[in-house]
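> Quick one, what's the 3D model for this:
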Amino acid sequence: MGLTLNEKKTKLRDGRRESFDFLGYTFGPQHYRKDGHWYLGASPSKKSVARLRRKVHEVLVPGNKGTWPEVRDRLNSILRGWSSYFSYGTRLQAYRAVDNHVAERVRHFLRHRHHVPTRGTRALAADAVFGPLGVLRLRQVHVGVRP
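Numbers count the residues shown, from 1 in each chain. Prediction:
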């Protein structure tokens, strides 16, 4: 077939000692936060989290004139697709970072849309963003809905 390896992209790594990124995941040794032991695992890479943050930012630009249900549905579609792909491995820290970013961007978006003079942290708290406003919270996808 005439296929060759790209020398610039190809590297040999010892997966037990050093991390490497592949298909959006970071594979390698990870630190268990509760008791401190090390294990081999996979988690969403920082680059893939940054790419998702850019997509969220593109949807929630102040110039977006769509109705809130349209904007919310588009945002939830992006979040649901990303969480479906990254449903393997240690993902809680990545999901937490994405949830915090989404809450901040939704707050910023709605605050500018409705001309709220403050930062909007009371009226648009994270519980309101992920509750009545209907934005998908990835941590609930990860651990399930609280009782």
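
> Now the most centrally placed residue in the chain, what are its backbone angles?
With distances taken as C-alpha atoms, centre = their mean, Val98 lies nearest the centre of the chain, 3.5 Å away. As for Val98, its main-chain torsions (degrees, to the nearest 10) stand at phi -70, psi -40.

> if you skip the residues just before and after it, what's nearest to it?
In space, not counting the residues next to it along the chain, Val98 is nearest to Leu138; the distance is 5.5 Å by C-beta to C-beta, 6 or more residues apart in numbering. C-beta coordinates here come from the backbone N, C-alpha and C atoms, glycine included.

> and if you look at Ser87?
Leaving out its chain neighbours, the residue that sits closest to Ser87 by C-beta to C-beta, 6+ apart is Val141, at 7.9 Å.

> Show the contacting residues for that neighbour.
With contacts defined as C-beta atoms under 8 Å, 6 or more residues apart in numbering, the neighbours of Val141 are Ser83, Ser87, Tyr95.

> Mind checking which of those residues are buried?
With burial judged by 16 or more other C-beta atoms under 10 Å, the buried subset of the contacts of Val141 is Ser83, Tyr95.

> of all the contacts of Val141, which comes closest to Asp14?
Taking C-beta to C-beta as the measure, Asp14 lies nearest Ser87 of the contacts of Val141, at 26.9 Å.

> sec struct for the closest one, please.
Taken by DSSP: H, G, I helix; E, B strand; the rest coil, the conformation at Ser87 corresponds to coil.

> mind checking how far it is from Gly15?
Distance from Ser87 to Gly15, counting by C-beta to C-beta, to the nearest Å: 21 Å.

> Quick one: distance of stretch 101-120 to the chain centre.
Mean-position distance between stretch 101-120 and its chain equals 19 Å (C-alpha atoms, centre = their mean, to the nearest Å).

> Give me the contacts around that stretch.
For stretch 101-120, the external contacting residues (C-beta under 8 Å, 6+ apart) are 53, 56-57, 60-62, 64, 68, 71, 75, 79, 121, 123-124, 126, 129-130, 133, 135.
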